[in-house]
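Engineer: Let's see this in three dimensions:
(chains A, B and C)
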Amino acid sequence: MEETGKSTGPIPGWQKFMDNIFLLLALGVVIPTLIYTVWGLWEIMNIPRLPIVP
Amino acid sequence: MANQDFRICSESGLKVYKNAETLIKWNVIAALATLAVGGLMALLVALTRWPSVHLLGLTEYYRFLTAHGVDALLAWILFFEMALVYFASTVVLGTRFRGVVVGWISFALMLIGGALINVIIIMGRADVMFTSYAPLKADPLYYLGVILFAVGALIGFIMFFVNVVYAKRDGGFKRSLPLGSFGLAAASIIGVLTLAHGAGIFIPAFLWSLDFIGYIDPSAYRLVFWGLGHSSQQINVCAMVAVWYMTSAFVVGGKPVNEKLSRTAFVLYILFINLASEHHLLVDPVLSTWHKIVNTSYMMHLAVLASMIHAFAIPASIEVALRKQGFRSGLFEWFKKAPWGNPAFAAVALSILLFGFLGGITGVIFGTEQFNIIRHNTFAITGHFHGTVVAGTTIAFMGFTYLLIPCIFKRQLIWKGFAQIQPYLYAVGVAMLSIGMMSAGAFGVPRRHYDITFSGAPFSFTFDPAIDMFMSMMGVGALLAVAGGVLFILIGFGSMIWGKEVK
Amino acid sequence: MADDRHTEEMEAPGVFVLSLIFLAVFIVIWLAHLKWLMDIWGVQ
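Structural biologist: I've put the predicted structure just below:
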C-alpha cells in the first residue's frame, strides 16, 4: 500500500494533527478516562452512605 | 546492520522481513487455535440454550460459557490483532520488526495467560463469566492469567508504536501512515486505554481474591471493568475497519475516495467510541442521568457517525477501483463482476453488511437509556454482540487470514472450492444466530440463563410460544456457523501445513 | 476550482444508489419492527 497524494505545498493543520499518533494516543487515553472513568468514580464515591443502625 | 533478511511477497509486492514474518505467523496460529476452542465451547453452549436439545448440565453450561467468552471474545481476537498490528507496522511499511525479543515476550505472556485462564476455568475454579463481576470471586490464578494475557497484549500494542517510529526513521513512510496502518494505530491507541483499565480493575480484583483487599465496590468494579470490556470491542471495530480498507486495497486495488474523511472517522473512534462502555451501566442506579446521557447519546453518536462514513467509503472505494478496471457499464456492473469468489473479498463484503445492519444498528438502539431498560440482560444483547464481534470482526479477520496465508505463510489455500463458500456459510449461520437471539430477547428470554423452562423451580412461567421458533433459529444458525468455523480452521491450518508453496 | 468539482462525474454512483436503497429498506424494516414490538408489548 503506497501513500496516496504526492502534492507539494504546506501541510494542512488537520493533517498534521492526524499524523501525530502520539498526540492522538494522549487524547485518546485522557479524554475517555476523564469523561467516563473519573467522572463515574467521583459520582460513585459521592453517593451518601446509609447510616448504620446498631 | 543486523538482520537484513527479507523477501518480496509475490501476491502484494510488499517487503516481508523474516523476523516480522515469524511473529505474525505465530500470532495467527495462536489466534486460530483459540478460535477453535472458543468455537467448540460455542457449539456446546448453543446446544444447551436451544431448549429442544439442552445439552449440558447446569454447572458445565456456566463453566463453558465463561470459557467461550474468554476464548472467542478476548483470546482469538487479541492474538489476531497482534498479528495485524505487527503486519501494519512492518510489512505494510516495508520495514523490519524492531525489538523482536519483546515481541516474543508479549506472545509468551499471552500464551501462558490464556492457557492459565482456560485451565482454571475447566478445573471449575472460575465459574464467573468472562465479566467476573464482584462479588463473584474466582481463584486468584484466574485473575493472574488475565493480567498476564493483558500485559502481553499491551506490550504488543506498544511494539506497534515502537515499530512505527523506527519505520518513519528508516523511510517506510514519509508524512502520513497508509490508511490501513492508521486504522491499526487507532486500534493500538484504544488498546492502551483498554489495558490500562484492565490493570486498574484486575490488579485490585487479584488482590481481593487473595484477601489482601477486603471489599470491592460492585458498581465501581462494573464502571472500570467496562472501561476494559467495551473498549476492547472498539479495538476490534478499528481493526476490522482497517482490515476492510486493506482487503479492498489488496484484492481490487481500492484507494480511499477521501483520505481526510476516512482518517477523521478513525479519529472520532479514538476520541469518542470508548464512552460506549457506558451502555453496560445504563440500568445501574448509581450513576447520574447526566453521566449516562453524555457518555451514550452524545459521545456514542459521534462514533457512530464514523462508522457510517466507513460503511460507505469502503464500498465506494471498491466501486471506483472496479470501474477503473473496466466495469463501467450501468450502475451495477462492478457489483455483479466483483470478485465474489475470492474468499477474502466475500468475507469483507459480508462483514460490512452484517456488522452494519445486525450489530452496529442494534448497538446504537440498545445503547439508549429508554430502550436499554427493556433489553438489558435479555438474549437480544447477546444477539447484538454476535452481530458485531462474530458477523463483523470475526468474518473480516477470517477473510484477512485468506490473504495472510499466501503472503506471510507463503502457501496457497487448500480446498479452494470450500474456501469460496466458507464465508457465506459462516455468515448465514451467524446471521440466523443473531436474529434468533434478538427476536427471542424481544420476548424477554434472558441471557446467561441455563433453563428458560424453569423446570424444578417453585414457580412456573412460560414465554410466548413464538420464542420456540426463534430459539430453534438460533440453534440452527449456530450449527451452520460452527460448520463454517470448522471449515475455516481446517482450511487455515491445512493450508499452512500442506498448501502448495508460493514462490 | 469549485466549478471543476461541479462538472466532475460522481465517482461511485452505484454505491450512492445502493445507499438510497438501503436507507429505504431500513426505514421500512424499522417501522415494521416497531409495529411488531408494539403488538407484542400490547401498546395501545
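
Engineer: now the helices: where do they sit in chain C?
Structural biologist: Ranges of helices in chain C, per DSSP state H, are C:2-7, C:13-41.

Engineer: By mean pLDDT, point me to the weakest helix or strand of the chain.
Structural biologist: Defaulting to chain A. Least confident helix or strand, chain A: helix A:13-19 with a mean of 88, by mean pLDDT, DSSP states H and E.

Engineer: is that helix up against chain B anywhere?
Structural biologist: Yes. Helix A:13-19 reaches chain B (Cβ under 8 Å from any Cβ of the partner chain) through A:W14, A:Q15, A:M18, A:D19. Bear in mind the C-beta positions are built from the backbone N, C-alpha and C, glycine included.

Engineer: Which helix runs longest in chain A?
Structural biologist: When chain A is parsed with DSSP H, its longest helix is helix A:21-32.

Engineer: That one: which residues count as buried?
Structural biologist: Going by neighbour count (16 or more other Cβ atoms under 10 Å in any protein chain shown), the buried part of helix A:21-32 is A:I21, A:L24, A:L25, A:L27, A:G28, A:V29, A:I31, A:P32.

Engineer: Flag the shaky bits of the chain, pLDDT-wise.
Structural biologist: By default, I'm working from chain A. Within chain A, the segments meeting pLDDT under 70 span A:1-8.

Engineer: um, chain C though
Structural biologist: Within chain C, the ranges that satisfy pLDDT under 70 run C:1-7, C:44.

Engineer: Would you check how far apart the closest residue to chain B within it and chain A are?
Structural biologist: Of all residues in chain C, C:A12 sits closest to chain B, at 3.8 Å by Cβ to the nearest Cβ. The gap separating C:A12 from chain A is 16 Å, by Cβ to the nearest Cβ, to the nearest Å.

Engineer: was I right about that residue contacting B:V257?
Structural biologist: Yes. Judged on Cβ atoms under 8 Å, C:A12 makes contact with B:V257 at a distance of 6.7 Å.

Engineer: which residues of the stretch 51-200 of chain B fall in helices?
Structural biologist: B:58-68, B:76-86, B:100-122, B:140-169, B:179-209 (DSSP state H, counting those that start in this stretch).

Engineer: tell me the SS of the closest residue to chain C within the stretch 301-450 of chain B?
Structural biologist: In the stretch 301-450 of chain B, the residue that lies nearest chain C is B:A316 (3.8 Å; Cβ to the nearest Cβ). Put simply, B:A316 is helix when judged by DSSP: H, G, I helix; E, B strand; the rest coil.

Engineer: Find the nearest non-adjacent residue to A:I47, please.
Structural biologist: Sequence neighbours aside, B:V286 is the residue nearest to A:I47 in space, at 6.1 Å (criterion: Cβ to Cβ, 6 or more residues apart in numbering or on different chains).

Engineer: Name all residues that make contact with the one you found.
Structural biologist: The contact partners of B:V286, by Cβ atoms under 8 Å, 6 or more residues apart in numbering or on different chains, come to A:E43, A:I44, A:I47, B:S219.

Engineer: For chain B, which residues are neighbours of chain C?
Structural biologist: Contact residues (Cβ under 8 Å from any Cβ) of chain B with chain C: B:257, B:312, B:315-317, B:319-320, B:323, B:331-332, B:334-335, B:357, B:361, B:442-443, B:464, B:466.

Engineer: at 7 Å instead, please
Structural biologist: Counting by Cβ under 7 Å from any Cβ of the partner chain, chain B comes close to chain C at B:V257, B:F312, B:P315, B:A316, B:E319, B:V320, B:L331, B:F332, B:W334, B:F335, B:A442, B:F443.

Engineer: If we only consider those residues, which is nearest to B:G57?
Structural biologist: Within the residues of chain B next to chain C, proximity to B:G57 (Cβ to Cβ) peaks at B:F443, which comes in at 25.6 Å.

Engineer: and the gap between the closest one and C:W36?
Structural biologist: Note on B:F443: its distance to C:W36, by Cβ to Cβ, to the nearest Å, is 11 Å.

Engineer: Quick check on those two: which one has the bigger neighbour count.
Structural biologist: When B:F443 and C:W36 are compared on other Cβ atoms under 10 Å in any protein chain shown, the one with more neighbours turns out to be B:F443, at 18 against 12.

Engineer: Turn the residues of chain B next to chain C into JSON lines, columns for pLDDT and secondary structure.
Structural biologist: Shown next, in JSON lines, are the residues of chain B next to chain C (pLDDT from 0 to 100; DSSP: H, G, I helix; E, B strand; the rest coil):
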{"residue": "B:V257", "pLDDT": "90", "secondary structure": "coil"}
{"residue": "B:F312", "pLDDT": "92", "secondary structure": "helix"}
{"residue": "B:P315", "pLDDT": "94", "secondary structure": "helix"}
{"residue": "B:A316", "pLDDT": "94", "secondary structure": "helix"}
{"residue": "B:E319", "pLDDT": "95", "secondary structure": "helix"}
{"residue": "B:V320", "pLDDT": "94", "secondary structure": "helix"}
{"residue": "B:L331", "pLDDT": "88", "secondary structure": "coil"}
{"residue": "B:F332", "pLDDT": "90", "secondary structure": "coil"}
{"residue": "B:W334", "pLDDT": "92", "secondary structure": "helix"}
{"residue": "B:F335", "pLDDT": "92", "secondary structure": "helix"}
{"residue": "B:A442", "pLDDT": "90", "secondary structure": "helix"}
{"residue": "B:F443", "pLDDT": "91", "secondary structure": "coil"}
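
Engineer: what two of these are the furthest from one another?
Structural biologist: Greatest spatial distance among the residues of chain B next to chain C (Cβ to Cβ): B:V320 and B:F443, at 44.5 Å.

Engineer: just to revisit the earlier point, flag every buried residue along the least confident helix or strand of chain A.
Structural biologist: Of all the residues in helix A:13-19, those buried under the rule 16+ other Cβ under 10 Å are A:Q15, A:M18, A:D19.

Engineer: ok, the first one - contacts?
Structural biologist: So that's A:Q15. B:S176 (Cβ atoms under 7 Å, 6 or more residues apart in numbering or on different chains).

Engineer: go with 8 Å
Structural biologist: Listed by Cβ under 8 Å, 6+ apart, the contact partners of A:Q15 are B:R175, B:S176, B:K260.

Engineer: Restrict these to those that also contact chain A, please.
Structural biologist: Filtering these for neighbours of chain A using Cβ under 8 Å from any Cβ leaves B:R175, B:S176, B:K260.

Engineer: How about the second one, nearest residue that isn't a chain neighbour?
Structural biologist: What that stands for is B:S176. Nearest one to B:S176, counting by Cβ to Cβ, 6+ apart, is A:D19 at 5.1 Å.

Engineer: Going by distance to chain C, which of the ones next to chain A among the contacts of A:Q15 wins?
Structural biologist: If you rank those by distance to chain C using Cβ to the nearest Cβ, B:K260 comes first, at 14.8 Å.

Engineer: In which helix or strand does that closest one reside?
Structural biologist: Assigning secondary structure by DSSP states H and E places B:K260 in helix B:259-272.

Engineer: Deepest in the core, which of the helices of the stretch 51-200 of chain B is it.
Structural biologist: With neighbours defined by mean count of other Cβ atoms under 10 Å in any protein chain shown, none of these is more surrounded on average than helix B:76-86, at a mean of 28.

Engineer: pLDDT of that helix, averaged?
Structural biologist: For helix B:76-86, mean pLDDT is 96.
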